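Undergrad: have a look; sequence and predicted model below, questions after that.
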Amino acid sequence: MKLRRASNQSTIVLGKELGRGGEGAVYPVIGAPDVVAKIYLKPPAALKIEKLRSMARRASPALLRVAAWPVDVLADESGAVRGFIMPKVSAREDVHQLYSPKSRRRAFPNVDFRFVVRAATNIARAFAQVHAVGNVIGDVNHGNALVGRDGTVVLIDCDSFQVRDGARVFTCDVGVPLFTAPELTGQSFRGLKRTANHDAFGLAVLLFHLLYIGRHPFAGKHASGEMPIERAIAESRFAYGENAAHFGMTPPPGTLKLGAFGPRIALLFELAFVAPSETPRPTASQWIEALQNLERDLAACQNAAAHYHPQSAGRCCWCEHEQNTGMRVFGRALAEAAALGTAKIVRLWDAITAVRKPEQALPIEAPPDGDVAVANDALGPVPRAVLIAILAGLGILSIFAQPAGTPLFSLLYFLSAGGLLFRWAKLGWRGGRRELERAALQARERFIEVVEQWNQVCADDRFDKLYQQLDELKAQLLELPKLREARVKALAEEAARVQLDRFLSMFRIESARLPEVTPQEIAMLASFDFDSADDVLRQGVNMKGLVSKAAAQQLLAWAVACERRFSFDAARGADPDDVREIDHILGAQQEQLLASMRKGHEELQQLSESIIAERGQARRALAQARSTLAAAEKEIA
């Protein structure tokens with residue numbers, strides 16, 4: 001079949017078929033290595049031809065950077081349009097290969113989370129570029145985005161996009177329910193005009209798959225049992241959102257929390273999956289900004305070289321996920337996994353034991369209250385001026401009465417004066433003692449207060465508790481080599497099962513011909529970590545509620561058929577990759593324990609200095625209070 005380009009009528013020659021889909025096949029163009037040709041299996045309808053011509057006219061450098069956009073129309077010798085030319089897309093993988101750890105290790109074995117975030121940002125950029133010129137993707141799904149080794153993204157199947165040419169709109173007549181906005185549920189796609197806000201829902205689903213290890217945001221467990229994803233979408237039952245419990249939804253086991261990547265990312269997903277309203281969903285541009293900020297916030301994990309996590313979160317979400325699931329999330333089976341043993345522990349433990357332990361301080365018993373009492377004079381103090389005035393008056397009276405010749409008054413004067421002087425001296429002595437008693441009472445109260453403070457300092461056991469915790473961490477570290485030995489031994493003993501699991505994991509559900517299993521059910525299974533024949537045989541009982549009965553039966557029969565093709569190789573023993581996997585997981589645990597011990601060592605040093613300083617201050621206060629009390633009691637005596 002001879003084909004001509006509509007733009008210049010030049011003839012092209014096709015090479016060997018590169019790939020085939022349900023609508024057409026893709027061929028290289030001889031002599032034009034930068035483009036390929038898509039040839040439809042059936043001649044396209046007139047409306048489709050008009051759409052292709054419009055797209056070719058409106059191709060721009062900006063669109064061609066992010067999409068396999070038609071650049072020219074191809075016609076046969078009779079003039080009938082048979083296909084189109086588009087930029088060649090090479091060395092790329094479907095975006096869903098980047099989702100889960102299993103597929104990522106095959107397609108992108110050396111990438112970390114920074115790469116995932118960058119790819120997610122580039123998907124948002126591609127959407128933003130399509131929307132910028134008035135177009136809508138419409139049929140959003142994880143099959144129309146390809147990711148390169150450098151993280152760049154190209155959209156494919158662009159001939160299905162909704163395209164605007166002036167006032168005319170060529171609609172997208174297909175769609176995948178799992179990526180379709182809830183307000184479009186149940187509607188026919190043919191002739192349906194969609195908006196960028198509808199695309200925003202599908203974009204958010206794509207991004208959720210990427211960031212949250214392949215999970216679908218609406219695939220979860222419902223309190224009443226079965227909850228198909230399509231129904232959950234239609235009823236806005238976001239399984240990870242703040243209102244998930246209100247909708248009776250819980251996420252699948254072993255999943256990340258929505259806030260794992262910060263409040264901004266969590267908020268955008270909440271807004272994207274909330275019930276439809278007049279408020280638009282987050283745009284592609286908003287996602288670009290948020291994802292760029294997330295990538296800038298990513299920091300290397302101190303415990304695992306392949307882990308990058310939000311620095312603002314404070315701790316590594318991937319380490320926590322690996323501990324909870326036992327599954328390595330990023331990177332190959334690491335040959336550089338930390339060696340297990342006592343080498344790294346000895347020096348650190350020596351430093352911990354070298355920390356000065358606060359000397360033992362014994363509590364003391366506070367003296368009982370009431371040993372010192374202030375004397376109470378019923379008459380009260382007589383002012384000194386009053387006594388002087390009385391004595392002076394009596395003396396004057398005695399002088400003037402003396403000429404009368406009677407000594408009686410003089411006798412009375414001296415007796416009264418003596419009595420008053422005695423009373424004055426007695427009252428003065430009692431007033432001085434009372435002041436001393438008050439001072440002694442205050443000194444005793446202060447001493448009792450300081451004794452209570454001293455006893456509190458003596459009861460401080462924070463140092464001993466922290467030391468005990470560090471000792472327990474050391475015990476866990478010393479157990480790791482034994483744990484590794486036991487696991488490797490178990491691998492060797494279960495070599496047949498391990499080989500079988502590895503063999504069955506090569507049979508992918510998405511690649512199998514299973515007529516009874518719908519794409520929606522495949523996505524639901526993937527959200528619960530079912531993606532191979534191995535998963536079906538090992539946990540097939542958990543498929544109940546995820547797929548129909550007919551689909552479950554077909555999946556089980558297919559997995560059993562795959563198992564029959566297996567033959568055990570006794571000479572292989574334990575798989576080296578599995579041993580390295582054990583080393584990686586245990587090495588990461590060792591680094592976490594060591595990090596906790598280093599932090600505990602610093603805290604122990606600070607605690608030692610703090611307690612010693614507090615006890616020294618309390619001891620000085622106690623000595624001063626005791627000395628003050630002794631002096632006051634001595635004054636009274």
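TA: Cool, the structure landed.

Undergrad: from residue 538, how far off is residue 324?
TA: 19 Å (C-beta to C-beta, to the nearest Å). Every residue, glycine included, has its C-beta placed from N, CA and C.

Undergrad: higher neighbour count, the two?
TA: Counted by other C-beta atoms under 10 Å, residue 324 and residue 538 do not tie: residue 538 has more neighbours, with 15 against 12.

Undergrad: secondary structure element holding the more buried one?
TA: Using DSSP states H and E, the secondary-structure element containing residue 538 is helix 533-539.

Undergrad: give the other helices and strands that that helix contacts.
TA: For helix 533-539, the helices and strands in contact under the criterion 3 or more C-beta pairs under 8 Å, 6 or more residues apart in numbering; DSSP states H and E are helix 495-504, helix 549-564.

Undergrad: mind redoing it with 10 Å?
TA: Under the contact definition 3 or more C-beta pairs under 10 Å, 6 or more residues apart in numbering; DSSP states H and E, helix 533-539 sits against helix 495-504, helix 519-527, helix 549-564.

Undergrad: buried stuff in that helix?
TA: By neighbour count with 16 or more other C-beta atoms under 10 Å, helix 533-539 contains the buried residues 533-537.

Undergrad: wait, isn't residue 71 in contact with residue 53?
TA: No: in terms of C-beta atoms under 10 Å, residue 71 does not count as a neighbour of residue 53; the distance is 11.5 Å.

Undergrad: which neighbours do those two share?
TA: By the contact definition C-beta atoms under 10 Å, 6 or more residues apart in numbering, residue 71 and residue 53 are jointly contacted by residue 84.

Undergrad: based on its surroundings, how many neighbours for residue 596?
TA: Burial of residue 596, expressed as a neighbour count using other C-beta under 10 Å, amounts to 16.

Undergrad: ok, residue 105 next?
TA: Other residues near residue 105 number 18, with proximity taken as other C-beta under 10 Å.

Undergrad: domain-wise, how is this protein divided?
TA: Per automatic domain parsing, the domain ranges recorded for the chain read 3-87, 92-325, 343-348+464-618, 384-460.

Undergrad: please identify the deepest-packed of the ones you listed.
TA: Per-stretch averages of neighbours, counted by mean count of other C-beta atoms under 10 Å, single out domain 92-325 among the domains of the chain, with a mean of 19.

Undergrad: any idea of the mean pLDDT for that domain?
TA: When pLDDT is averaged along domain 92-325, the result is 92.

Undergrad: try stretch 500-509
TA: The predicted model gives stretch 500-509 an average pLDDT of 85.

Undergrad: can I get the CA coordinates of that stretch in CSV?
TA: These are the backbone C-alpha positions of stretch 500-509, laid out as CSV (Å, rounded to 0.1, in the frame of the first residue of the first chain):
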residue,chain,number,x,y,z
LEU,A,500,7.8,-21.2,42.3
ASP,A,501,6.8,-17.8,43.6
ARG,A,502,9.4,-16.1,41.5
PHE,A,503,8.3,-18.1,38.4
LEU,A,504,4.6,-17.3,39.0
SER,A,505,5.4,-13.6,39.5
MET,A,506,6.4,-13.4,35.9
PHE,A,507,2.8,-14.1,34.8
ARG,A,508,1.1,-10.7,35.0
ILE,A,509,-2.7,-10.4,35.4
